[in-house]
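*Asks:* return atomic coordinates for the entry below.
(2 chains)
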Amino acid sequence: DAGVIQSPRHEVTEMGQEVTLRCKPISGHNSLFWYRQTMMRGLELLIYFNNNVPIDDSGMPEDRFSAKMPNASFSTLKIQPSEPRDSAVYFCASSLGAGGPYNEQFFGPGTRLTVL
Amino acid sequence: GQQLNQSPQSMFIQEGEDVSMNCTSSSIFNTWLWYKQDPGEGPVLLIALYKAGELTSNGRLTAQFGITRKDSFLNISASIPSDVGIYFCAGQLRFGNEKLTFGTGTRLTIIP
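*Replies:* You can find the predicted model right below:
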């Protein structure tokens, strides 16, 4: 079975450019998560969706970041304009949803973003 | 924001040794989780703990949910080369909210 799919795997861009990261969750999963991982701040949740609706976006750094989930099989994380401090590995994860005490989050391979 | 303090930050051990790491928080969590991350990949769930005092094993891995609900530990027995990686604890504050707070990570290296 295909796991969480992220694209691109690597992105190098210049400061000020728009960056769009893409994620396809595991089929049948109802929740989707965007995380950012850096050496300084570790692994942080940016935003998560349940049934395509944003539930918690308290981790989104600032207005330059936006995330959408137009349907159950696709989500984007956009940074506009990008800055060097946005350089990080961005992970997408999905789970079955909020029913029960905890549903495992399955992580994608990540997108390594470098902003010059 | 929420902080999970994980220790040690790194460990250098020989194959066959046992490993112990722990995680503490200033807040009470309903669920504690342990993840492992291999280079170039996303984290993978190892063990989930749901009740204070719970002790759960997964092969050579054993984890416990602290009685105060503010801490957890992970033990790995008889380490092998594939145990190399970064181990993260994570906590879920309340049921129904899937937001996880991750620890700072423990990097495990096995010396040949």
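
*Asks:* helices of chain A, residue ranges please.
*Replies:* Using DSSP state H, chain A contains no helices.

*Asks:* residue A:5 pairs with what?
*Replies:* residue A:24 (DSSP bridges).

*Asks:* show me what contacts residue B:9?
*Replies:* By CB atoms under 8 Å, 6 or more residues apart in numbering or on different chains, residue B:9 lies in contact with B:104, B:105, B:106, B:107. No exception for glycine: its C-beta is placed from N, CA and C like everyone else's.

*Asks:* isn't the third one right up against residue B:4?
*Replies:* Yep, that's residue B:106 we're talking about. No. Residue B:106 lies out of contact with residue B:4 (CB atoms under 8 Å); the separation is 11.6 Å.

*Asks:* quick one: contacts for residue B:104?
*Replies:* Counted by CB under 8 Å, 6+ apart, residue B:104 has contacts A:42, B:4, B:5, B:6, B:9.

*Asks:* quick one: pLDDT of the first one?
*Replies:* What the model reports for residue A:42 is a pLDDT of 89.

*Asks:* pull the number of nearby residues for it.
*Replies:* Residues lying near residue A:42 (other CB atoms under 10 Å in any protein chain shown) number 18.

*Asks:* OK, contacts around it?
*Replies:* Per CB under 8 Å, 6+ apart, neighbours of residue A:42: B:102, B:103, B:104, B:105.

*Asks:* from residue A:91, how far off is it?
*Replies:* Noted for residue A:42: a distance of 12 Å to residue A:91, by CB to CB, to the nearest Å.

*Asks:* where does pLDDT dip in the chain?
*Replies:* All of this refers to chain A. A:1, A:98-101 (pLDDT under 70).

*Asks:* the intended chain is chain B.
*Replies:* Short version for chain B, where the test is pLDDT under 70: B:1-3.

*Asks:* coming back round to it: among the contacts of residue A:42, name the ones in strands.
*Replies:* Among the contacts of residue A:42, the residues falling in strands (DSSP state E) are residue B:102.

*Asks:* of the contacts of residue A:42 - the most surrounded one?
*Replies:* Neighbour-wise, the contacts of residue A:42 (other CB under 10 Å) top out at residue B:103, 27 neighbours.

*Asks:* in the sheet, who's paired with the residue in chain A that chain B sits nearest to?
*Replies:* Distances between chain A and chain B by CB to the nearest CB are smallest at residue A:107, namely 2.8 Å. Taking DSSP bridges as the rule, residue A:107 bridges to residue A:93.

*Asks:* kindly report the same for residue A:111.
*Replies:* residue A:90.

*Asks:* that one and residue A:88 touch, don't they?
*Replies:* No. Look at residue A:111 against residue A:88 with CB under 8 Å: they stay out of range, at 9.2 Å.

*Asks:* helices or strands up against the strand or helix carrying residue B:73?
*Replies:* Using DSSP states H and E, residue B:73 sits in strand B:71-76. Under the contact definition 3 or more CB pairs under 8 Å, 6 or more residues apart in numbering or on different chains; DSSP states H and E, strand B:71-76 sits against strand B:19-25, strand B:31-37, strand B:44-49, strand B:61-65, strand B:85-92.

*Asks:* out of the ones you listed, nearest to residue A:14?
*Replies:* If you check each of the helices and strands packed on strand B:71-76 against residue A:14 by CB to CB, strand B:31-37 wins as the nearest, at 29.0 Å.

*Asks:* what residues does the closest one touch?
*Replies:* Contacts of strand B:31-37 (CB under 8 Å, 6+ apart): A:101-102, B:23, B:43-50, B:61, B:63, B:65-66, B:72, B:74, B:85-92, B:95, B:100, B:102, B:105.
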